[in-house]
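>>> Structure for the following, please:
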Amino acid sequence: MPPLLHATGVTKSYPVDRGTTVPVLRGIDVRLEPGEMLSIVGPSGSGKSTLLYCLAGLEAADGGEISLAGARLAGLPAARLARLRRDTLGFVFQSYNLIPSLPVRENVALPARLAKRRLPDVAGALAQVGLAAHAHKRPGSLSGGEQQRVAIARVLAAGPQLVFADEPTGALDSVTGGQVLDLLRGYASGSRSVVLVTHDLAAAARADRTIVLRDGAVVAELRGASGGEILAAFEGGVRA
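This is a model prediction of the structure:
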């Protein structure tokens, strides 16, 4: 099967003063196969989230090429890019992005309603994350971990090919965070893949492969690495 995501030489800079820019991504290559979970780690300011946004088409890269589900993102019309994200991608962020006025079940069903698609198995998705009994509650009555699981149920119900998760356990305790990671790990199978951006090296070690960033460049790429091995690459900055 062709890669679900293929990026080569990705660069990105941001302006800081008139005529001055700061490079954030410096020629990054990423390849993601169907059924694979990839984690991206690095210190604050290393470009982790910027890379995720560029790979997902949420921000335009300055240079390089990014192909997502066989479609090249550069030059893609805005409407077609929006459809590609809607039909192919799911997102799990540290902020849960739930609608406070809607009950849990409607939050899970919302992407399908907005896309005017047939409603998914909302009850099944909520049961999968252990929240079947909370379907009629509003997000404000749930704990942070429960709200994050609602966000994941929304992804499970939609069934995208690729899930981007940006620090999804950053605000959760270790037990709840582990449950969220278990759900993401289980999702990456068959034709579906997950990209996880995290500062938690134990979380990163759950992935099939780990990319370590420093100063906007890949300094190591590890397969099946332990948290300790990722830490050594994180601290050493030696290309592997």
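
>>> Low-confidence regions, this structure specifically.
For the chain, residues meeting the criterion pLDDT under 70 lie at 237-240.

>>> Report the central residue of it.
Phe164 (1.6 Å; Cα atoms, centre = their mean).

>>> how close does that residue sit to Leu4?
12 Å (Cβ to Cβ, to the nearest Å). Where C-beta positions appear, they are placed from N, C-alpha and C, glycine not excepted.

>>> For the two, list the residues in contact with both.
Both Phe164 and Leu4 lack any common contact, where contact means Cβ atoms under 8 Å, 6 or more residues apart in numbering.

>>> Isn't Arg118 up against Ala157?
No - Arg118 lies out of contact with Ala157 (Cβ atoms under 8 Å); the separation is 11.3 Å.

>>> So which of the two has more stuff around it?
Taking neighbours as other Cβ atoms under 10 Å, Arg118 and Ala157 compare with Ala157 leading, 23 against 6.

>>> Kindly provide the distance from the more buried one to Leu131.
Taking Cβ to Cβ, one finds Ala157 at 12 Å from Leu131.

>>> Equivalent analysis for Leu76, please.
36 Å.

>>> on that earlier part again, what sits in contact with each of Ala157 and Leu131?
What both Ala157 and Leu131 touch, as defined by Cβ under 8 Å, 6+ apart, is an empty set.

>>> Tally up the residues packed near Ser143, please.
11.

>>> ugh, typo on my part, it should be Gly159
12.

>>> picking up where we left off before, neighbour-wise, which of Leu76 and Leu131 wins?
Leu131 (21 against 17).

>>> residues in contact with the closest residue in space to the more buried one that isn't next to it in sequence?
Among residues not flanking Leu131 along the chain, Arg149 sits closest, at 5.7 Å (Cβ to Cβ, 6 or more residues apart in numbering). Residues in contact with Arg149 (Cβ under 8 Å, 6+ apart) are 129-131, 179-180, 183.

>>> could you redo the last one with a cut-off of 7 Å?
129-131, 180 (Cβ atoms under 7 Å, 6 or more residues apart in numbering).

>>> hang on, the earlier thing: so the residue nearest to the centre of the chain sits against Cys54, correct?
No - taking Cβ atoms under 7 Å as the definition, Phe164 is not a contact partner of Cys54, at 10.9 Å.

>>> which residues in the chain form strands?
5-17, 20-32, 37-41, 63-68, 71-72, 89-93, 162-166, 193-197, 209-214, 217-223 (DSSP state E).

>>> Mind putting those into TSV with distance to Leu114?
Compiled in TSV, the strands of the chain are given as follows (distance: least, Cβ to Cβ, whole Å):
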stretch	distance to Leu114
strand 5-17	24
strand 20-32	26
strand 37-41	27
strand 63-68	20
strand 71-72	21
strand 89-93	14
strand 162-166	18
strand 193-197	23
strand 209-214	32
strand 217-223	36
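
>>> For Ser143, find the nearest of these.
Ser143 sits nearest to strand 89-93 of all the strands of the chain, at 16.5 Å, using Cβ to Cβ.

>>> how about the closest one as CSV, C-alpha atoms only?
Output of strand 89-93 as CSV, limited to C-alpha atoms (Å, rounded to 0.1, in the frame of the first residue of the first chain):
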residue,chain,number,x,y,z
LEU,A,89,-8.5,13.4,9.0
GLY,A,90,-9.5,13.4,12.6
PHE,A,91,-8.0,15.7,15.3
VAL,A,92,-7.5,15.3,19.0
PHE,A,93,-6.1,18.3,20.8
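
>>> Mind listing residues that contact that strand?
By Cβ under 7 Å, 6+ apart, the list of residues contacting strand 89-93 reads 56, 151-152, 155, 158, 160, 162-166, 168.

>>> hmm, which of these are the buried ones?
Neighbour counting with 16 or more other Cβ atoms under 10 Å marks 56, 151-152, 155, 158, 160, 162-166, 168 as buried within the contacts of strand 89-93.
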